[in-house]
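**Student:** here's a sequence, model it:
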Amino acid sequence: MKIAVAQLGARMHYAVPRIFAGGGCLNRLFTDLYAGKGLCRQLTALPSGLLPSSIRKLGARQAANIPGEAITSFGLLGLRYWSRLRSARSPRDTAIVHLWAGDELGRLVLKHGLADADTLYTYNSASLRLLQFARQNGIRSLYEQTIAPVSVELALMQEEQERWPEWETTADLVQFYGPFLENEQEEWKLADRIICGSRFVAEGIENESGPAERIRVVPYGVNFPGAESIARSHPPGGNRPLRVLTVGTVCLRKGAPYLAAAARSLRGRAEFRAVGPIALTEAGSTELRRSVELTGGIPRSEVAEHFRWADVFLLPSICEGSATTTYEALAHGLPVVTTFNSGSPVVNGENGFVVPIREVESIIKSLENLATDREKLARMSQSAIHHSRSLTVTSYGTRLMSAIQE
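**Tutor:** Predicted structure coming up:
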């Protein structure tokens with residue numbers, strides 16, 4: 001098997017092409033901006049003081065175990081993509097830019113040629129042209145659905161906007177999601193295998209009349225931290241308040257209002273901290289700050305410090321694919337309170353609690369359980385570490401290879 005991967009950006013630090021390279025079956029990685037290649041190499045070679053932060057971050061777009069000769073990058077596409085997104089004036093404009101970038105990547109890949117690749121790995125909303133070519137030319141196609149279907153996400157987010165109209169800038173969601181709907185359905189029809197990170201995503205496709213027989217659920221994996229990273233800054237025993245951490249963009253999709261409600265209810269018994277960019281209105285941010293410490297976006301290298309601070313991880317998401325922050329939390333020994341819709345690998349009652357979306361009382365009850373029973377907290381912490389050993393990048397690679405070799 002000789003696999004060509006086509007992806008925009010550095011999704012999960014190029015986990016999929018790294019897995020294929022390690023397994024000796026990566027034919028080529030096609031991407032936009034990649035450190036050490038072409039235009040990206042020229043940009044990142046300039047003095048850092050001359051570059052905006054968005055360009056400086058490009059230096060992290062690389063994977064040590066992917067041979068340089070196996071990578072083809074289209075730097076101009078990456079810059080045009082970035083520029084067009086900055087110029088978008090409406091949700092529909094933004095959607096059209098994303099679809100354009102996926103189609104343009106496909107055009108450039110086909111212009112370059114797939115050489116002797118016999119298998120193609122692509123991602124939702126950036127695959128249609130390539131999947132059509134693969135079907136017409138007898139090339140096997142593997143397609144990853146990285147989040148719930150567009151129709152599912154649209155319905156959930158419309159409900160959230162109605163519930164919390166002052167928390168985020170109101171946008172016409174149909175304008176944004178509409179252009180993706182037909183595109184996604186066509187991609188499902190053409191893909192030989194659909195890879196989903198969670199049952200939540202798989203069930204979403206099945207409920208939208210997608211090809212259930214071609215779906216395989218493959219949970220992700222993260223690098224397992226060292227013992228020094230797992231060690232808590234303070235022991236979970238004693239009378240101090242429970243420390244509750246959330247990591248990721250602070251927004252409606254990730255359940256910001258439910259985080260706020262839980263924090264208000266547990267004030268004095270638990271301390272809450274949210275680490276990540278804030279995508280709320282001033283009113284929403286102000287309300288959340290009343291009970292939750294907001295750090296804003298921070299360098300990835302500093303996130304481990306916050307995991308060490310915490311006793312419990314909370315992610316009340318409304319819609320995800322398979323939130324890798326929950327994997328990271330388990331690997332740091334944190335019991336996780338989350339929703340089925342987060343697509344997490346949490347085993348309910350063993351290393352955390354899986355609660356229904358929007359049910360604040362269930363979140364509060366779960367956190368109270370851990371705050372009052374520190375022995376259970378310690379047991380769940382050990383279970384989290386034990387379970388996370390099967391959720392490494394290496395084990396993810398084993399699951400992924402098994403799913404595509406059937």
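
**Student:** you'd agree Ser198 is up against Ser322?
**Tutor:** Yes. At 4.2 Å, Ser198 counts as touching Ser322 under the criterion of C-beta atoms under 8 Å. C-beta coordinates here come from the backbone N, C-alpha and C atoms, glycine included.

**Student:** more crowded one of these two?
**Tutor:** For the pair Ser198 and Ser322, the greater number of neighbours falls to Ser198 (25 against 22), based on other C-beta atoms under 10 Å.

**Student:** show the contacting residues for that one.
**Tutor:** 217, 219, 320-322, 343-344 (C-beta atoms under 8 Å, 6 or more residues apart in numbering).

**Student:** and Ile194, by the same measure?
**Tutor:** Ile194 sits next to 143-145, 188, 205, 210-211, 214-216 when contact means C-beta under 8 Å, 6+ apart.

**Student:** secondary structure added to these, as CSV?
**Tutor:** Output for the contacts of Ile194, formatted as CSV (DSSP: H, G, I helix; E, B strand; the rest coil):
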residue, secondary structure
Tyr143, strand
Glu144, strand
Gln145, strand
Trp188, helix
Ile205, helix
Gly210, coil
Pro211, coil
Arg214, helix
Ile215, strand
Arg216, strand
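
**Student:** out of those, who's the most crowded?
**Tutor:** Gln145 (25 neighbours).

**Student:** how far away is it from Ser322?
**Tutor:** 10 Å (C-beta to C-beta, to the nearest Å).

**Student:** hang on, the earlier thing: please flag which of the contacts of Ser198 sit within strands.
**Tutor:** Using DSSP state E, the members of the contacts of Ser198 that fall within strands are Val217.

**Student:** looking at the contacts of Ser198, which is nearest Leu266?
**Tutor:** Minimum distance to Leu266 across the contacts of Ser198 is 21.4 Å, recorded for Ser344 (C-beta to C-beta).

**Student:** wait, isn't the closest one in contact with Phe313?
**Tutor:** No. At 9.6 Å, Ser344 and Phe313 do not qualify as touching, with contact defined as C-beta under 8 Å.

**Student:** what touches both of these two?
**Tutor:** By C-beta under 8 Å, 6+ apart, the residues touching both Ser344 and Phe313 are 326, 336, 338, 352.

**Student:** circling back: farthest-apart pair in the contacts of Ser198, please.
**Tutor:** Farthest apart among those - using C-beta to C-beta - are Val217 and Glu320, which lie 14.0 Å from each other.

**Student:** okay, these two: which has more neighbours?
**Tutor:** Neighbours per residue (other C-beta under 10 Å) separate Val217 from Glu320, with Glu320 holding more: 28 against 18.

**Student:** go through stretch 155-162 and flag the buried ones.
**Tutor:** 156-157, 160-161 (16 or more other C-beta atoms under 10 Å).

**Student:** just stretch 361-374 next, same as before
**Tutor:** Buried, per 16+ other C-beta under 10 Å, within stretch 361-374: 362-364, 366-368, 370-371, 374.

**Student:** can I get those residues in CSV with distance to Tyr123, pLDDT and secondary structure?
**Tutor:** Formatted as CSV, these follow (distance: C-beta to C-beta, whole Å; pLDDT from 0 to 100; DSSP: H, G, I helix; E, B strand; the rest coil):
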residue, distance to Tyr123, pLDDT, secondary structure
Ser362, 33, 98, helix
Ile363, 32, 98, helix
Ile364, 37, 98, helix
Ser366, 33, 98, helix
Leu367, 35, 98, helix
Glu368, 40, 97, helix
Leu370, 36, 96, helix
Ala371, 40, 95, helix
Arg374, 43, 93, helix
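
**Student:** my read is that Gly221 contacts Arg389, right?
**Tutor:** No. Gly221 lies out of contact with Arg389 (C-beta under 8 Å); the separation is 10.3 Å.

**Student:** which neighbours do the two share?
**Tutor:** Ser395.

**Student:** ok, the two, which is more surrounded?
**Tutor:** Gly221 (25 against 12).

**Student:** tell me who's in contact with Trp149.
**Tutor:** Not Trp; residue 149 is Pro. 184, 201, 204-205, 208, 210.

**Student:** ok, 10 Å please
**Tutor:** 124, 155, 180-181, 184-185, 188, 201, 203-208, 210, 319 (C-beta atoms under 10 Å, 6 or more residues apart in numbering).

**Student:** of those - the most surrounded one?
**Tutor:** Val201 leads the contacts of Pro149 on contacts (other C-beta under 10 Å) with 28 neighbours.

**Student:** could you say which helix or strand holds it?
**Tutor:** Take DSSP states H and E as the rule and Val201 turns out to sit in helix 199-207.

**Student:** return the distance of that helix from the chain's centre.
**Tutor:** 17 Å (C-alpha atoms, centre = their mean, to the nearest Å).

**Student:** pLDDT (mean, whole number) over stretch 376-394?
**Tutor:** Mean pLDDT, computed over stretch 376-394, is 95.

**Student:** run through the bridge partners of Leu26.
**Tutor:** Listed by DSSP bridges, the beta-bridge partners for Leu26 are Ile3.

**Student:** tell me how far it lies from Met1.
**Tutor:** Leu26 is 10 Å from Met1, by C-beta to C-beta.
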